[in-house]
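Participant: Let me see the structure of the following:
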Amino acid sequence: MSYAVKEMFLTLQGEGVNAGARAVFVRFTGCNLWSGREADRATAVCRFCDTDFVGTDGIGGGRFADAGALVAAAVEHWGEGVERRFAVLTGGEPMLQVDGALVAALHAAGFRVAIETNGTLRAHPDLDWVCVSPKAGSIVVQRTGDELKLVWPQSGIDPAALETWAFTHHLVQPLDDPAAPGQAAALALAMERPRWRLSLQTHKLLGLR
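Facilitator: Below you'll find the model as predicted:
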């Protein structure tokens, strides 16, 4: 199987429980909640996406012929040493492409493998870390994992209902939209419902990718 990747780069994880960890980000092309075309934004389930996941023209992006080729590129981005190798598979929606061959090849190269997904597709069972960020209007089938990241506020999502899902960590992240009171709403939710912890996009604050 070949893989279409928008971009691949070495950075520090900017948000969530793993914030601050050195990681190779692999951003896959495509999403099942939005085509990526501006003309379709008004009818998309996720209207606040802040990510370009169209095409393969980003830094480190391209079409990789097989899992071995993609992992070789990830190793090159990581550089010397295998200690604490960490790969974050994101998108778009990575589970449109992530399969057993890729997860196995990353593990063989010494990577701990995390995924950031909208949860509308089942996450591969061999992943080491599953982060689900639900979007209002979508049907989430992946209701177990390590980290549930709620971008807030979102009309049509009930945080109390999400608390029944089997995640180790429940995080609330302010909606990055000048027209929405994201920071105040996220702070209020974390104060009102102690299950939730505030998560900030520190990579944006620090100017990281």
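
Participant: how about residue 130, what does it touch?
Facilitator: 114, 115, 117, 123, 142, 144, 145, 146, 147 (Cβ atoms under 8 Å, 6 or more residues apart in numbering). No exception for glycine: its C-beta is placed from N, CA and C like everyone else's.

Participant: Give me the phi and psi for it.
Facilitator: The phi and psi torsions at residue 130 (degrees, to the nearest 10) take the values phi -120, psi 120.

Participant: Just grab the bridge partners of it for me.
Facilitator: Counting by DSSP bridges, residue 130 is bridged to residue 115.

Participant: Got the confidence number for the residue positioned nearest the centre of the chain?
Facilitator: Among the residues of the chain, the one closest to the centroid is residue 116, at 2.6 Å (Cα atoms, centre = their mean). Turning to residue 116, the model gives it a pLDDT of 98.

Participant: residues touching it, list them.
Facilitator: Contacts of residue 116 by Cβ under 8 Å, 6+ apart are 88, 89, 90, 91, 94, 131, 133, 149.

Participant: Mind picking the lowest-pLDDT entry from those residues?
Facilitator: When these are compared, residue 91 shows the smallest pLDDT, 94.

Participant: Apart from its chain neighbours, what residue comes closest to that residue?
Facilitator: residue 28 (4.6 Å; Cβ to Cβ, 6 or more residues apart in numbering).

Participant: Buried only: go through the contacts of residue 130 for me.
Facilitator: Buried subset of the contacts of residue 130 (neighbour count, 16 or more other Cβ atoms under 10 Å): 114, 115, 117, 123, 142, 145, 146, 147.

Participant: Am I right that residue 16 is in contact with residue 171?
Facilitator: Yes. Using Cβ atoms under 8 Å, residue 16 is in contact with residue 171, at 6.0 Å.

Participant: Can you pull the residues that touch both of the two?
Facilitator: With Cβ under 8 Å, 6+ apart, residue 16 and residue 171 have common neighbours 147, 149, 199.

Participant: quick one: contacts for the first one?
Facilitator: Okay, so that is residue 147. By Cβ under 8 Å, 6+ apart, the neighbours of residue 147 are 16, 17, 129, 130, 131, 132, 167, 168, 169, 171.

Participant: Mark which of the residues you listed are buried, thanks.
Facilitator: 16, 17, 129, 130, 131, 132, 167, 169, 171.

Participant: how about those in JSON lines, adding distance to residue 8?
Facilitator: Formatted as JSON lines, the buried ones among the contacts of residue 147 follow (distance: Cβ to Cβ, whole Å):
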{"residue": "16", "distance to residue 8": "19"}
{"residue": "17", "distance to residue 8": "22"}
{"residue": "129", "distance to residue 8": "18"}
{"residue": "130", "distance to residue 8": "20"}
{"residue": "131", "distance to residue 8": "18"}
{"residue": "132", "distance to residue 8": "22"}
{"residue": "167", "distance to residue 8": "27"}
{"residue": "169", "distance to residue 8": "26"}
{"residue": "171", "distance to residue 8": "25"}
